[in-house]
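Visitor: Structure for this input, please:
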Amino acid sequence: MLWTAFDQRLLDARNKYAYPLVYLEALRQDPAGNYIPIPAAQPKPFLDDWESLHTERLRSHEPLQALLGLASIAYWGFYSGALNNSRNTPARALVRAAWAANGRPKARRKHPGPAGVQAALQAAARHLAGGDISAAIRSVATLPEFGQLSFASKVLTAMSFERCGVYDRVVSKALHAGQLHELAISANSGGVTVRKSDIYKEWCDLATTRAAEMNAHGRERGWNYHGNQQRAWRAVDVERAFFQDRDVRLLAQAGT
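Guide: Numbering: from 1, shown residues only. Got it, this is the predicted structure:
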């Protein structure tokens with residue numbers, strides 16, 4: 001298989017992409033029974049550790065661990081978003097994590113609590129195991145604060161880095177700009193409808209196929225992990241590289 005200029009750009013983009021590996025250490029209850037998010041003093045030093053921590057939490061059969069995983073994704077998402085949005089600060093990230101754990105103050109919709117969160121995530125895990133990404137993202141989207149594609153996809157990606165990728169506003173705009181209109185949908189409004197969830201599955205399938213194409217070139221074409229390891233490509237790695245470069249030609253092996 002010929003190694004193309006677009007393959008090289010995809011590899012270069014993945015090697016450049018990085019984000020703060022922040023996470024929540026714990027959730028503590030105040031006297032009123034509300035969960036208070038406690039951020040870790042230091043980010044995780046290695047991506048593997050950050051990924052495995054969140055996968056284990058989100059797939060946990062322990063309701064409090066599942067809730068902690070969900071709140072931690074909210075914290076990380078808003079914390080990382082500060083790179084592209086000055087409104088997102090560490091303090092705001094903690095507020096949004098608290099909303100994920102407890103629900104918004106005066107919200108009409110009652111928060112399902114740890115057991116409800118765990119049930120929704122377990123449903124998503126079962127759908128993932130059956131290959132139904134569309135149903136899985138809809139399960140996540142039933143949870144308060146995760147009803148839009150942008151953050152629901154962050155959760156699902158952390159549950160399956162091999163098969164899923166984030167679909168946020170940056171990805172949507174880049175797909176639209178590149179004339180891939182069939183995949184360009186709103187990530188931050190309109191909820192996660194059946195149509196949107198099906199398109200999200202197509203996005204994940206595209207990223208998975210592209211990852212397989214990159215892996216066909218062998219380990220030496222893997223992306224760099226701490227500068228000395230060639231890692232196999234996953235759907236999430238293609239998504240991250242696309243987020244970095246934003247050229248749709250990188251999503252097809254021949255750049256077409």
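Visitor: Check whether the closest residue to residue 24 other than its chain neighbours sits in a helix, strand or coil.
Guide: Excluding its sequence neighbours, the residue lying closest to residue 24 (CB to CB, 6 or more residues apart in numbering) is residue 72, at 4.0 Å. Just so you know, the C-beta spots here come from the backbone N, C-alpha and C atoms, and that holds for glycine as well. Going by DSSP: H, G, I helix; E, B strand; the rest coil, the secondary structure assigned to residue 72 is helix.
Visitor: So residue 72 sits against residue 57, correct?
Guide: Yes. Under the criterion of CB atoms under 8 Å, residue 72 makes contact with residue 57 at 6.8 Å.
Visitor: mean confidence score for the strand or helix carrying residue 151?
Guide: Using DSSP states H and E, residue 151 maps to helix 149-159. Helix 149-159 carries an average pLDDT of 99.
Visitor: For it, C-alpha coordinates in CSV please.
Guide: Extracted C-alpha coordinates of helix 149-159, given in CSV (Å, rounded to 0.1, in the frame of the first residue of the first chain):
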residue,chain,number,x,y,z
LEU,A,149,-23.6,15.3,20.6
SER,A,150,-20.5,17.2,21.6
PHE,A,151,-20.3,15.9,25.2
ALA,A,152,-22.2,12.7,24.7
SER,A,153,-19.5,11.7,22.2
LYS,A,154,-16.8,12.5,24.7
VAL,A,155,-18.3,10.0,27.1
LEU,A,156,-18.8,7.3,24.4
THR,A,157,-15.2,7.8,23.2
ALA,A,158,-13.9,7.3,26.7
MET,A,159,-15.8,4.1,26.8
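Visitor: I figured residue 128 was touching residue 136, is that so?
Guide: Yes. With contact defined as CB under 8 Å, residue 128 reaches residue 136; the gap is 4.9 Å.
Visitor: follow-up on the earlier one: identify the residues contacting the residue nearest to residue 24.
Guide: Going by CB atoms under 8 Å, 6 or more residues apart in numbering, residue 72 touches 23, 24, 37, 54, 57, 97.
Visitor: go with 10 Å
Guide: 22-27, 37, 39-40, 50, 53-54, 57-58, 97, 100-101, 158 (CB atoms under 10 Å, 6 or more residues apart in numbering).
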